[in-house]
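Colleague: just need the structure, nothing else, for what follows:
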Amino acid sequence: MRQVLVTGGGSGIGRAIAQSFAAAGDQVTIAGRRMDALEETKGDSTMICRTLDVTDEASVAALFDQPYDVVIANAGGGAAGKVKDLSLDDWNRVINVNLTGVFLTFRAALQNIGEGGRLVAVASTASLQGGSNIGAYSASKHGVLGLVRSIAVEVAKAGITCNAVCPGFVDTPMADDAVQGVMKRFDIPREKASAMITANNPMKRMIRPEEVVAAVTFLASEGASMVNGHALAVSGGEI
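Modeller: Purely as a prediction, here's the structure:
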């Protein structure tokens, strides 16, 4: 039975990932800021719930009181706004959660992960291209991909892999926040805002969480042992 850790496991993509690994028979630990959300993810499963602030070094270190075979760095967030209007506080907050959080998580994991270990970062299509009003988010996710590629080289000889999944807009509460932001900014109805959000996706729809889960599951599998330092886009052809 593999020991699997999922950060940001209280909702959205993290919840879907955790529930999928648990259903497959892995022992899953989910970590996040809100215990109530983690308990909702857990349901009646055997998942272990741990509170975590990925931006806090001590909090992350405390989480790794045992080794994990698969570590999925999923915790993240964003701040919309043009760079000229972005406050330093918002910039630092996004960088700390999205990039420093992945660094702290993977650094701690590498202290005791063994051969066959899998590190997977849930990044974004914003790791692969820029975009208006997402300067901080895109910069942080580009950083995640650079970190993933560097770790991949460092751990390859130990039989460990490090990869990134790069989804576009996924049908989660975070994407709903983006839709509501567009609705407010342009004073338009939800349907039109959703169409704007998915305009660059050739399939013209949001990605389902289970479609991201499938990519993560593959990268964590034995069959992906030679996939290392890769950015796997889940974007309907946008990337």
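Colleague: now do the helix or strand of the chain with the lowest mean pLDDT: which elements does it pack against?
Modeller: Among the helices and strands of the chain, helix 173-186 carries the lowest confidence by mean pLDDT, DSSP states H and E, at a mean of 82. If you count contacts as 3 or more C-beta pairs under 8 Å, 6 or more residues apart in numbering; DSSP states H and E, helix 173-186 packs onto helix 190-197. The way it works is simple: take the backbone N, C-alpha and C, and place the C-beta from them, glycine included.
Colleague: quickly list what the residue lying closest to residue 47 once chain neighbours are set aside is bridged to.
Modeller: Excluding the flanking residues, the one nearest residue 47 by C-beta to C-beta, 6 or more residues apart in numbering is residue 28, at 4.8 Å. Beta-bridge pairing of residue 28 under DSSP bridges involves residue 4.
Colleague: contact partners for residue 115?
Modeller: Going by C-beta atoms under 8 Å, 6 or more residues apart in numbering, residue 115 touches 158-160.
Colleague: helix, strand, or coil at it?
Modeller: For residue 115, the assignment made with DSSP: H, G, I helix; E, B strand; the rest coil gives coil.
Colleague: all numbers from here: first residue = 9
Modeller: With 9 as the first residue, the last one maps to residue 123.
Colleague: how far away is the most far-flung residue of the chain relative to its centre from residue 43?
Modeller: Relative to the centre of the chain, and counting by C-alpha atoms, centre = their mean, the farthest-placed residue is residue 195 at 30.2 Å. Separation of residue 195 from residue 43 (C-beta to C-beta, to the nearest Å) stands at 38 Å.
Colleague: try residue 167
Modeller: Remark: distance between residue 167 and residue 43 (C-beta to C-beta) = 35 Å.
Colleague: if we can go back for a sec, with just CA atoms, put the least confident helix or strand of the chain into PDB.
Modeller: C-alpha atoms of helix 181-194 as PDB (Å, rounded to 0.1, in the frame of the first residue of the first chain):
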ATOM      1  CA  PRO A 181     -14.600  26.700  -6.900                       C
ATOM      2  CA  MET A 182     -11.400  28.500  -8.000                       C
ATOM      3  CA  ALA A 183     -12.600  28.600 -11.600                       C
ATOM      4  CA  ASP A 184     -16.000  29.800 -10.400                       C
ATOM      5  CA  ASP A 185     -14.200  32.700  -8.600                       C
ATOM      6  CA  ALA A 186     -12.600  33.600 -11.900                       C
ATOM      7  CA  VAL A 187     -16.000  33.500 -13.700                       C
ATOM      8  CA  GLN A 188     -17.500  35.700 -11.100                       C
ATOM      9  CA  GLY A 189     -14.600  38.100 -11.400                       C
ATOM     10  CA  VAL A 190     -15.200  38.400 -15.200                       C
ATOM     11  CA  MET A 191     -19.000  38.900 -14.600                       C
ATOM     12  CA  LYS A 192     -18.300  41.700 -12.200                       C
ATOM     13  CA  ARG A 193     -15.600  43.300 -14.300                       C
ATOM     14  CA  PHE A 194     -17.600  43.400 -17.600                       C
END
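Colleague: figure out how far it is from the centre of its chain.
Modeller: Chain-centre distance of helix 181-194: 20 Å, with C-alpha atoms, centre = their mean, to the nearest Å.
Colleague: buried residues in stretch 167-186?
Modeller: Buried residues in stretch 167-186, counted by 16 or more other C-beta atoms under 10 Å: 168-180, 182-184, 186.
Colleague: meant to ask about stretch 121-137, not that
Modeller: 121, 125-136.
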